[in-house]
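*Asks:* quick one: sequence plus predicted model below, questions after.
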Amino acid sequence: MRSITELQVSTTCDGCPDSCCSQPYDWVYLTAEELDALSRASGLPANAFSSERVNAATAFQFKVLDLPCRFFDQSTGRCGVYASRPLVCRLFPLYVDPMTGDGMLLAAQCGDRLDVLEEPAPNISWSLEQYAQPIRDWVRTLWREAKAGVQRGDGT
Ligand code: SF4
Ligand code: SF4
């Protein structure tokens with residue numbers, strides 16, 4: 001059996017009728033750096049497109065993108081801040097849960113727009129292995145910032 005770290009997939013997102021960007025559910029977690037990058041790219045203040053959410057188990061305060069995402073252009077089906085989109089968006093349909101650290105492939109949302117590639121094909125695919133270190137760094141940063149928000153008690 002192949003492990004998820006060996007998986008190579010590609011998605012065909014143009015014209016996707018079930019674009020993950022327009023879905024109202026789940027949390028798109030953001031680090032402070034990602035929040036700043038989106039603010040710079042859009043010219044909008046952070047509170048125009050993001051919120052603070054508290055994890056019930058830990059009371060940690062996480063920054064999350066408001067959904068449906070305001071940067072998704074319904075007319076073109078494209079991301080309006082593509083070059084500055086956060087890691088969660090870059091990885092989807094791989095989803096990494098910061099609560100558990102588990103990675104899961106949400107293949108059902110993409111349906112037949114997702115192809116599992118037999119041969120590694122740089123430039124048109126990604127693998128968890130390629131992202132492993134950035135993901136670990138991202139989860140650590142999220143938790144550090146979420147915990148610091150609790151200690152300050154101001155959620156910033
Ligand atoms: S990642 Fe999947 S659900 Fe999202 S736009 Fe692409 S094909 Fe659609
Ligand atoms: S930032 Fe871009 S890729 Fe991410 S949810 Fe919004 S529109 Fe989609």
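*Replies:* Cool, got the structure. Ligands and ions are numbered 1, 2, ... in the order given.
*Asks:* from V28, how far out is the residue nearest the centre of the chain?
*Replies:* Nearest to the geometric centre of the chain sits V88, at 1.3 Å (C-alpha atoms, centre = their mean). For V88, the distance to V28 equals 5 Å [C-beta to C-beta, to the nearest Å]. (C-beta placed from N, C-alpha, C; glycine too.)
*Asks:* between these two, which contacts overlap?
*Replies:* Residues touching both V88 and V28 (C-beta atoms under 8 Å, 6 or more residues apart in numbering) are L65.
*Asks:* what helix or strand is the residue nearest to the centre of the chain on?
*Replies:* helix 87-91 (DSSP states H and E).
*Asks:* what is the mean pLDDT for the longest helix along the chain?
*Replies:* For the chain, the helix with the greatest residue count under DSSP state H is helix 128-152. Taken as a whole, helix 128-152 has a mean pLDDT of 83.
*Asks:* residues of that helix that come out buried?
*Replies:* Judged by neighbour count using 16 or more other C-beta atoms under 10 Å, the buried positions of helix 128-152 are L128, Y131, I135, W138, V139, L142, W143, E145, A146, G149.
*Asks:* and for the first one, nearest residue in space, chain neighbours not counted?
*Replies:* Translated: L128. Distances taken as C-beta to C-beta, 6 or more residues apart in numbering place T5 nearest to L128, at 4.8 Å, with adjacent residues excluded.
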